[in-house]
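Trainee: what shape does this take:
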Amino acid sequence: MRTKTPSLVITFSATTDAMAMESYCQSHDLPGRLIPIPREIHAGCGLAWKTTSGMEDTFTAALEQAGIRAEAMTTLELWG
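Mentor: From the prediction side, this is the model:
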C-alpha cells in the first residue's frame, strides 16, 4: 500500500529555472525529480523539484552555487 511521506518541494517562477535544476541535480548526483506543482501549493511555472525532506541546506547551497532562482521551499506529505 502506498503511503504519504514528507518531501521537500522546491518551486520556481520560470520553467527554465526548473529545467536548470533538473540538469544541475543530475550532473551533481543530487536526489529528486521534477513534478507538477502539488495542489497544496499555488506557485510559478507549474513545475517543482521533489526530494527528500530535511535537505533544505543542501539544496539552498546547490541553488546558490548553480545560480538558479527558486521561488520557495516547502515540506509536504506527498505520495511516494
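Trainee: wait, residue 14 sits on residue 68?
Mentor: No. The pair residue 14 and residue 68 fails to qualify as a contact (CB atoms under 8 Å) at a distance of 9.7 Å. From N, CA and C alone the C-beta is placed, and that goes for glycine too.
Trainee: show residues contacting the biggest helix by length in the chain.
Mentor: If each helix of the chain is counted by residues according to DSSP state H, the longest one is helix 15-27. If you take CB atoms under 8 Å, 6 or more residues apart in numbering as the criterion, helix 15-27 is touched by 10, 12, 30-34, 45-49, 62-63, 66, 68-70.
Trainee: okay, strands next: where are they in this structure?
Mentor: Chain-ordered strands for the chain, with DSSP state E as the definition, fall at 4-11, 33-36, 47-52, 72-79.
Trainee: the residue nearest in space to the middle of the chain bridge partners, please.
Mentor: When the chain is reduced to its mean C-alpha position, the closest residue under CA atoms, centre = their mean turns out to be residue 49, at 2.3 Å. Here residue 49 shows beta-bridge partners residue 10, residue 34, assigned using DSSP bridges.
Trainee: thought it was touching residue 30?
Mentor: No. In this structure, residue 49 sits apart from residue 30 without contact. The criterion is CB under 8 Å, and the distance is 9.2 Å.
Trainee: measure how buried the closest residue to residue 13 other than its chain neighbours is and give me the count.
Mentor: Counting by CB to CB, 6 or more residues apart in numbering, the nearest residue to residue 13 once its immediate chain neighbours are dropped is residue 44, at 4.2 Å. For residue 44, the count of nearby residues is 18 (other CB atoms under 10 Å).
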